[in-house]
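K.L.:
could you look at this predicted model? Sequence included:
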Amino acid sequence: MEPVCPIDSSCSNQISLLLNPPSPPQKYFEELIKTRQSCGLEVRTNGKHGKGVYAKVDFKEGDLVLKDPVLFGIQHSSNKMDCLVCSHCFQFIGSVELQIGRKLYLRNLADASGSNSGKRKFSSALKDCSGQCNESRDHGDSDVEECDVDRCGVSDSKSNTNVIPKDVIDSLMEGGLKLPHSDIVSLPAVVSCPGKCKEAYYCSQSCAEADWNLYHSLLCTGKGSKSLSTEALSVFIQHANETNDIFLLAAKVISFTILRYRKLKTVYFEEKEKHDAPSILGNCNFSLLLEAWEPVSMGYKRRWWNCISLPDDVDCHDEVAFRLQIKELAFTSLQLLKAAIFDKECEPLFSLEIYGHIIGMFELNNLDLVVESPVENYFLYIDDLPDSEKEKAEKVTESFLDALGDEYSGCCEGTAFFPLQSCMNHSCNPNAKAFKREEDRDGQAVLVALQPIHKGEEVTISYIDEELPYEERQSLLADYGFRCRCPKCLDEELPS
Ligand SMILES: C[S@@+](CC[C@H](N)C(=O)[O-])C[C@H]1O[C@@H](n2cnc3c(N)ncnc32)[C@H](O)[C@@H]1O
């Protein structure tokens, strides 16, 4: 049966304003571009495909066009066992030893427990890292973590034949065992979550604070959480991990907007009090909610269950049932989130209509979030050592490399919404592309010029593999809701 969300009708006017914001986007993007490394861009509407990004200066081939920090991003739940990264900027943290030890530790734990093991106590997978990190470290107050094994995606792991003894793994994670030449990889020390959950870790105090203030304080399952109920939050997170972790990203958007709204409201009432005006504290000031929502309002959106592409294994005759199922899934997730962080003053954010549009925005705009693992560089360095040194080092490293197996250096993988990159339109002959350079070690989107881009020209990227034949390209772009009419497609179009 079609799910019915009462907030959809009780807040219909406000929802419609949130989805059709009155203010033109120009000023918002001007301010945003000023904060970016490259300022030679502008965002404007072109009348053809809505907003687009345009060059305000000439770019040469290979030039950096834009570095765009993540606005809403997550590391995939299934990737959390492989890589320990900052929950805010997504750079790798700890040490090579901690990265390797933790991966082996969690993998062994999964092998020992089998799948669906649920919650279990285990000695910390995140104890103090090795002495090579000379910054102060803060790993919380407990040596024992309670970890939901399934949350780390460990149930997908492959068992390995070369088992490293537990005490060696512990020693790697705790910093007792230092691998040869591991100081060639320098990673920031691990900083714990201010709310003391065991799920978010950071590269610095500033990332921990920024994440806390922007999103995490409402979504933290630790003692310091500002949610209504950490139990309800855990149920929501578990549901997301078992179904689709995009719900975790949607929760970030809602948390971000509520926290911004509360901040704006505090400032607003402080100002009012200064001027002795009567206060209406406790009532929702919808214009403040609209202002808090502004960064989200800029993303191109459609309802998730309408725009999601039909998976290959779903017959087109079952399309209606499939889309209904997606809507029901979103509704279930939303009810779980509501039990955890509902705020009456921000009620429209808990409508199915808004939740569906937030997830649809990810579907149509998100870029894969990929950060290379430093573990690969470490093993490559060992491999490149002069013979005698290499032999000596490999006596120690070989067993770890064997135990890690083929996937010894998996990247950090996730998905993210980038506020400026998401304004870039598609072309099958793009003039820019997302490309991580050697120095790009965090989750930011990096866009470089593929060819000279002249002042005034639109900056375009390809959403798909542009080398594919015409029909395949059109079919993939249909998932983004449009038929491409770029010069290359017009050229290749068969005469009807
Ligand atoms: C990532 S957004 C790009 C920014 C978007 N134009 C906006 O107004 O926010 C992707 C959406 O832009 C539109 N779009 C992008 N490239 C296009 C193209 N080559 N032809 C037609 N529509 C395009 C489609 O609606 C697509 O779903």
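P.N.:
Okay, I see it. Numbering: from 1, shown residues only.

K.L.:
in this protein, which residue sits closest to the ligand?
P.N.:
Residue of the chain nearest the ligand, by C-beta to the nearest ligand atom: G50 (2.5 Å). To be clear about C-beta, it is placed using only N, CA and C from the backbone, and glycine gets the same treatment.

K.L.:
what residues are up against that residue?
P.N.:
Listed by C-beta atoms under 8 Å, 6 or more residues apart in numbering, the contact set of G50 reads Y300.

K.L.:
which pLDDT value belongs to it?
P.N.:
Reading off the confidence values, G50 has pLDDT 87.

K.L.:
L420 - how many residues pack around it?
P.N.:
L420 sits with 24 neighbouring residues when counted by other C-beta atoms under 10 Å.

K.L.:
partners of G414 in the sheet?
P.N.:
Note on G414: beta-bridge partners by DSSP bridges are Q75, L369.

K.L.:
can you tell me the element the closest residue in space to V375 that isn't next to it in sequence falls in?
P.N.:
Computed as C-beta to C-beta, 6 or more residues apart in numbering, the closest residue to V375 that is not its neighbour in sequence is S409, at 4.3 Å. Using DSSP states H and E, S409 is not contained in any helix or strand.

K.L.:
near the ligand, which residues of this protein are found?
P.N.:
Within the chain, the positions adjacent to the ligand are 49-52, 300, 364-365, 422-423, 425-427, 480-482, 484, 486 by C-beta under 6 Å from any ligand atom.

K.L.:
which among those end up buried?
P.N.:
51-52, 300, 364-365, 422-423, 425-427, 480, 484, 486 (16 or more other C-beta atoms under 10 Å).

K.L.:
what about I382, which SS state?
P.N.:
Using DSSP: H, G, I helix; E, B strand; the rest coil, the structure places I382 in helix.

K.L.:
give me the element the nearest residue to it once chain neighbours are set aside is part of.
P.N.:
Leaving aside its chain neighbours, I382 sits nearest to A393 (5.0 Å; criterion: C-beta to C-beta, 6+ apart). Using DSSP H and E, A393 sits in helix 387-404.

K.L.:
so how far is that helix off the chain centroid?
P.N.:
From the chain centre to the centre of helix 387-404 is a distance of 34 Å (C-alpha atoms, centre = their mean, to the nearest Å).

K.L.:
show me the contacts for the closest residue to P21 other than its chain neighbours.
P.N.:
Sequence neighbours aside, S297 is the residue nearest to P21 in space, at 4.2 Å (criterion: C-beta to C-beta, 6+ apart). Residues near S297 by C-beta under 8 Å, 6+ apart: 18-19, 21, 290.

K.L.:
per-residue pLDDT of the closest residue to L349 other than its chain neighbours, please?
P.N.:
Nearest non-adjacent residue to L349, counting by C-beta to C-beta, 6+ apart: I254, 5.1 Å away. Per-residue confidence (pLDDT) for I254: 98.

K.L.:
and for A112?
P.N.:
If you check A112, the pLDDT there is 78.

K.L.:
helix, strand or coil: sort out the spatially most central residue of the chain for me.
P.N.:
The chain has G73 as the residue nearest its centroid, 1.9 Å off, counting by C-alpha atoms, centre = their mean. Following three-state DSSP, we place G73 in the strand state.

K.L.:
R483 versus that one, what's the distance?
P.N.:
Separation of G73 from R483 (C-beta to C-beta, to the nearest Å) stands at 30 Å.

K.L.:
who touches T221 in this structure?
P.N.:
Residues in contact with T221 (C-beta under 8 Å, 6+ apart) are 197, 199, 227, 230, 233-234, 237.

K.L.:
please apply the same query to G101.
P.N.:
When contacts are counted by C-beta under 8 Å, 6+ apart, G101 touches 169-173.

K.L.:
neighbour count added to these, as CSV?
P.N.:
Formatted as CSV, those follow (neighbours: other C-beta atoms under 10 Å):
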residue, neighbour count
I169, 25
D170, 17
S171, 16
L172, 27
M173, 27
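
K.L.:
columns pLDDT and distance to T460 on top of these, output as TSV?
P.N.:
Shown next, in TSV, are the contacts of G101 (pLDDT from 0 to 100; distance: C-beta to C-beta, whole Å):
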residue	pLDDT	distance to T460
I169	95	48
D170	95	51
S171	96	51
L172	95	46
M173	95	45
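
K.L.:
can you pull out the strands in the chain?
P.N.:
Listed in chain order, the strands of the chain (DSSP state E) span 41-45, 51-55, 64-68, 72-75, 119-123, 144-148, 191-192, 201-202, 367-371, 412-417, 432-434, 445-449, 458-459.

K.L.:
lowest mean pLDDT across these, which one is that?
P.N.:
Among those, strand 119-123 carries the lowest mean pLDDT (a mean of 29).

K.L.:
circling back to that earlier point, pretty sure the residue nearest to V375 contacts F379?
P.N.:
Yes: taking C-beta atoms under 8 Å as the definition, S409 is a contact partner of F379 at 6.8 Å.
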